[in-house]
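Asks: Model the following, please.
(2 chains)
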Amino acid sequence: MNKTVNQKAWFLVLPVLILVGFSAVIPLMTVVNYSVQDTFGNNVFFWAGLDWFRDMLESERMWNALGRQLVFSGIILAIEVPLGIFVALNMPKKGFWASFCLVLMSLPLLIPWNVVGTIWQIFGRVDIGLLGYVLAKLGVNYNYTQNVIDAWATVIVMDVWHWTSLVALLAYAGLQSIPDAYYQAAKIDQASRWKVFRFIELPKMAGVLMIAILLRFMDSFMIYTEPFVVTGGGPGNATTFLSIDLVKMALGQFDLGPAAAFSLMYFLVILLISWVFYTVMTNLDKRDGV
Amino acid sequence: MAWMAWTIPTAIFFGSIAALLVIFTVLAIRFPETPRTGVLGIETTRGDRLFITLLGSAFINLAWLGLVDAAQPWAMLVCLVYAAAVFRWV
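Replies: Residues are numbered from 1 along each chain as shown, chains lettered A, B, ... in the order given. Okay, here's the model as predicted:
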């Protein structure tokens, strides 16, 4: 049978292309243009070549922000992934309580980032916040605006509170897809709880866990709103992550050139991770035959 | 277009990327291909290999700028070798 080849459906993609063109491609091109020039305002630019890139590569400030960013992402992954799996393993499998838990777990995911920041900003305050007040009463010298460790702890606990549900829900979905036969076989073999987890549940969850890890890594790598609202990047620069530093440089100091060079390098890292993310996901799908 | 602060080098930069995209689109239409699995263990088409080349080249240029004292155009030579390797083996 001869099929007529008709590519007209591509025109349906056109609105998206135009939207992405105006919202992403053209601004990105402008950033590239800024990154090789210097300006003192009034839309007057001077050629600077690759100087801003060289400056940024030698800038201790950028490397420190990148270091803090990686430590932050590493810590939250190390907490959220095992905790999410643990929660998923202990959630009821069916019935009213299963639905109840699912709704409860989704709640933090529905709250806008700046609201999460505000909640924790108030929650941690020593004078009116429940957490800060209780800690102060217990004799703990807790102050996230002055103490570096306290600020980090607050930002990390906030992220864990906000996003562990996502890992848990994904892991739960992975667990639900395991047929009962596997558990019955394990029972016949008298497999221990650990062995059931290690040889049945973990391999079956590998796909969704990969998605969870990559999603959480990407999101935490681009985090801005929550730490900005809670600590403002402080005390000092202690919680100034990449996005916060970038905004400070571009909008606070109006150093468009260096900020453009900085953001392009940041963009390249994100692009690399996104590509790895996309490649791993599509290859997982192919392996599973989806 | 003045607000975009165009310069001739950046225009050439984007022009070459656009030209590459057009060339590869034409190639894909004129000479359709089946994806192949290379050293990375992933299936790639010509377009994927172009993307890997461009992204890798950006990192090569940055590494050259930060680590090597020689003039920047020499980095492009490394990129060409890298591109050839990607198109041959990935």
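Asks: Contact residues of chain A facing chain B?
Replies: Within reach of chain B by CB under 8 Å from any CB of the partner chain, chain A has these residues: A:26, A:29-30, A:32-34, A:36-37, A:39, A:43, A:45, A:47, A:50, A:53-54, A:57-58, A:265, A:268, A:271-272, A:275, A:279, A:283, A:286. Every residue, glycine included, has its C-beta placed from N, CA and C.
Asks: switch to 6 Å and redo it
Replies: By CB under 6 Å from any CB of the partner chain, the residues of chain A that approach chain B are A:30, A:32, A:33, A:45, A:50, A:53, A:54, A:57, A:268, A:279, A:283.
Asks: tell me which element the last one is part of?
Replies: Read that as residue A:283. For residue A:283, the host element (DSSP states H and E) is helix A:256-288.
Asks: same deal with the second one?
Replies: Assigning secondary structure by DSSP H and E places residue A:32 in helix A:26-35.
Asks: Quick one: distance of that helix to the chain centre.
Replies: Mean-position distance between helix A:26-35 and its chain equals 25 Å (CA atoms, centre = their mean, to the nearest Å).
Asks: what mean pLDDT does that helix have?
Replies: Helix A:26-35 shows a mean pLDDT of 93.
Asks: If you count neighbours, what's buried in that helix?
Replies: Of all the residues in helix A:26-35, those buried under the rule 16 or more other CB atoms under 10 Å in any protein chain shown are A:29, A:30, A:31, A:32, A:33, A:34, A:35.
Asks: wait, does stretch B:31-49 contact chain A?
Replies: Yes - using CB under 6 Å from any CB, stretch B:31-49 reaches chain A at residue B:42.
Asks: Using PDB, write out every CA atom in that stretch.
Replies: Provided in PDB are the C-alpha atoms of stretch B:31-49 (Å, rounded to 0.1, in the frame of the first residue of the first chain):
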ATOM      1  CA  PHE B  31      20.000  10.900   2.800                       C
ATOM      2  CA  PRO B  32      17.800   9.400   5.500                       C
ATOM      3  CA  GLU B  33      19.800   7.200   8.000                       C
ATOM      4  CA  THR B  34      19.200   4.600  10.700                       C
ATOM      5  CA  PRO B  35      20.600   5.400  14.100                       C
ATOM      6  CA  ARG B  36      23.700   3.500  15.200                       C
ATOM      7  CA  THR B  37      25.200   2.600  18.500                       C
ATOM      8  CA  GLY B  38      28.700   3.900  19.100                       C
ATOM      9  CA  VAL B  39      31.300   3.900  21.900                       C
ATOM     10  CA  LEU B  40      29.000   5.700  24.300                       C
ATOM     11  CA  GLY B  41      26.500   2.800  24.100                       C
ATOM     12  CA  ILE B  42      23.700   5.000  23.000                       C
ATOM     13  CA  GLU B  43      21.900   5.200  19.700                       C
ATOM     14  CA  THR B  44      22.900   8.400  17.700                       C
ATOM     15  CA  THR B  45      21.900  10.000  14.500                       C
ATOM     16  CA  ARG B  46      23.900  12.600  12.600                       C
ATOM     17  CA  GLY B  47      21.900  15.300  14.400                       C
ATOM     18  CA  ASP B  48      22.800  13.800  17.800                       C
ATOM     19  CA  ARG B  49      26.500  13.700  16.900                       C
END
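Asks: Just the residues contacting it, thanks.
Replies: Here stretch B:31-49 makes contact (CB atoms under 6 Å, 6 or more residues apart in numbering or on different chains) with A:279, A:283, B:24, B:86, B:87, B:89, B:90.
Asks: What is the strand or helix carrying residue A:162 packed up against?
Replies: Taking DSSP H and E as the criterion, residue A:162 maps to helix A:148-176. Contact here means 3 or more CB pairs under 6 Å, 6 or more residues apart in numbering or on different chains; DSSP states H and E; on that basis helix A:148-176 packs against helix A:60-90, helix A:96-110, helix A:202-221.
Asks: Tell me how far the helix or strand that that helix is followed by lies from the chain's centre.
Replies: Once the chain leaves helix A:148-176, the next helix or strand it forms, by DSSP H and E, is helix A:180-188. Between the centre of helix A:180-188 and the centre of its chain there are 36 Å (CA atoms, centre = their mean).
Asks: List the contacts of helix A:180-188.
Replies: Under CB under 6 Å, 6+ apart, the answer for helix A:180-188 is A:196, A:200.
Asks: measure stretch A:182-198 end to end?
Replies: From its first residue to its last, stretch A:182-198 covers 13 Å (CA to CA, to the nearest Å).
Asks: re the thing from before, in PyMOL, how would I select the buried members of the residues of chain A next to chain B?
Replies: Restricted to buried positions by 16+ other CB under 10 Å, the PyMOL selection for these reads:
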select buried, chain A and resi 30+32+33+45+50+53+54+57+279
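Asks: Which two among the residues of chain A next to chain B are spaced furthest apart?
Replies: Distance extremes for the residues of chain A next to chain B: the farthest pair is A:45 and A:283 at 43.7 Å, using CB to CB.
Asks: Can you pull out the low-pLDDT segments for the stretch 1-150 of chain A?
Replies: A:1 (pLDDT under 70).
Asks: Taking it, what residue is nearest to chain B?
Replies: Closest residue of the stretch 1-150 of chain A to chain B, CB to the nearest CB: residue A:57 (3.8 Å).
Asks: tell me the contacts of that residue?
Replies: residue B:66.
Asks: tilt between the helix or strand harbouring it and helix A:26-35?
Replies: Using DSSP H and E, residue A:57 falls within helix A:51-58. Compare the direction of helix A:51-58 with that of helix A:26-35 by axes from the mean of the first three to the mean of the last three CA atoms, to 10 degrees and you get 90 degrees.
Asks: Alpha carbons of the helix or strand where residue B:11 lies, as CSV, please.
Replies: Counting by DSSP H and E, the element that carries residue B:11 is helix B:8-30. Backbone C-alpha positions of helix B:8-30 (Å, rounded to 0.1, in the frame of the first residue of the first chain) are rendered in CSV as follows:
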residue,chain,number,x,y,z
ILE,B,8,30.1,40.8,13.8
PRO,B,9,31.9,37.9,15.6
THR,B,10,28.7,36.8,17.4
ALA,B,11,26.7,37.2,14.1
ILE,B,12,29.3,34.9,12.4
PHE,B,13,29.1,32.5,15.4
PHE,B,14,25.3,32.2,15.2
GLY,B,15,25.4,32.2,11.4
SER,B,16,27.7,29.2,11.4
ILE,B,17,25.4,27.3,13.8
ALA,B,18,22.4,28.2,11.7
ALA,B,19,24.2,27.0,8.6
LEU,B,20,25.2,23.8,10.2
LEU,B,21,21.6,23.2,11.3
VAL,B,22,20.3,23.9,7.7
ILE,B,23,23.0,21.6,6.2
PHE,B,24,22.2,18.7,8.6
THR,B,25,18.4,19.2,8.0
VAL,B,26,19.0,19.0,4.2
LEU,B,27,21.3,15.9,4.7
ALA,B,28,18.6,14.2,6.9
ILE,B,29,16.0,14.8,4.2
ARG,B,30,18.1,13.9,1.2
